[in-house]
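**Q** Only the shape, not the letters, is given here:
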């Protein structure tokens with residue numbers, strides 16, 4: 001049975017999942033991933049979710065404040081062995097509900113052009129493509145998306 005746990009970036013399981021995510025991204029993008037690594041560092045974050053199945057961490061995600069109205073979804077990952085089971089949908093939905101409970105009215109994110117499964121997932125959840133923002137502006141390898149909560 002899947003259990004979603006609200007936690008912080010100090011959670012050991014979150015750190016292990018992030019290491020696996022970074023390995024996945026480096027495998028997909030190679031040297032190109034180096035340009036993103038500076039933006040993927042998670043400083044102290046108190047809005048992290050880790051998904052557990054049979055007490056084993058199988059997925060994660062978090063958000064951080066982008067501005068007074070908007071959060072940015074970060075570090076979304078589901079282990080390859082557990083993909084296709086709706087776990088990512090549950091994580092994103094829980095992150096959105098958490099953000100909404102903190103009075104945020106929008107969520108946005110960045111993903112890479114080679115992460116077609118992520119782009120499809122976010123589209124299915126109501127996110128629409130927007131102009132690349134912040135450090136992603138002008139980067140043709142990034143896809144930025146936004147959703148009203």
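**A** Alright, I've got the coordinates. Treat the numbers as computed from the prediction; the structure is a model and nothing was measured. Numbers count the residues shown, from 1 in each chain.

**Q** Which SSE is immediately downstream of the helix or strand of the chain with the lowest mean pLDDT?
**A** Ranked by mean pLDDT, DSSP states H and E, the weakest helix or strand in the chain is helix 34-37, scoring a mean of 51. Per DSSP states H and E, helix 34-37 leads on to strand 48-53 as the next helix or strand towards the C-terminus.

**Q** Pairing partners for that following strand, with directions?
**A** Each strand pairing with strand 48-53, determined using DSSP bridges, is listed with its direction: strand 2-7 (antiparallel), strand 56-65 (antiparallel).

**Q** Which strand residues bridge residue 63?
**A** Counting by DSSP bridges, residue 63 forms beta bridges with residue 73.

**Q** wouldn't it be in contact with residue 73 here?
**A** Yes - taking contact to mean C-beta atoms under 8 Å, the distance of 5.3 Å between residue 63 and residue 73 places them in contact. Bear in mind the C-beta positions are built from the backbone N, C-alpha and C, glycine included.

**Q** so what sits against both of those two?
**A** 95, 107 (C-beta atoms under 8 Å, 6 or more residues apart in numbering).

**Q** quick one: the strands in this structure?
**A** Per DSSP state E, the chain carries strands over the ranges 2-7, 48-53, 56-65, 70-78, 106-112, 128-130, 142-148.

**Q** In CSV: those strands, plus mean neighbour count and distance to residue 122.
**A** Formatted as CSV, the entries for the strands of the chain read as follows, by neighbours: other C-beta atoms under 10 Å; distance: least, C-beta to C-beta, whole Å:
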stretch, mean neighbour count, distance to residue 122
strand 2-7, 15, 18
strand 48-53, 21, 16
strand 56-65, 21, 12
strand 70-78, 22, 8
strand 106-112, 21, 7
strand 128-130, 12, 9
strand 142-148, 18, 5
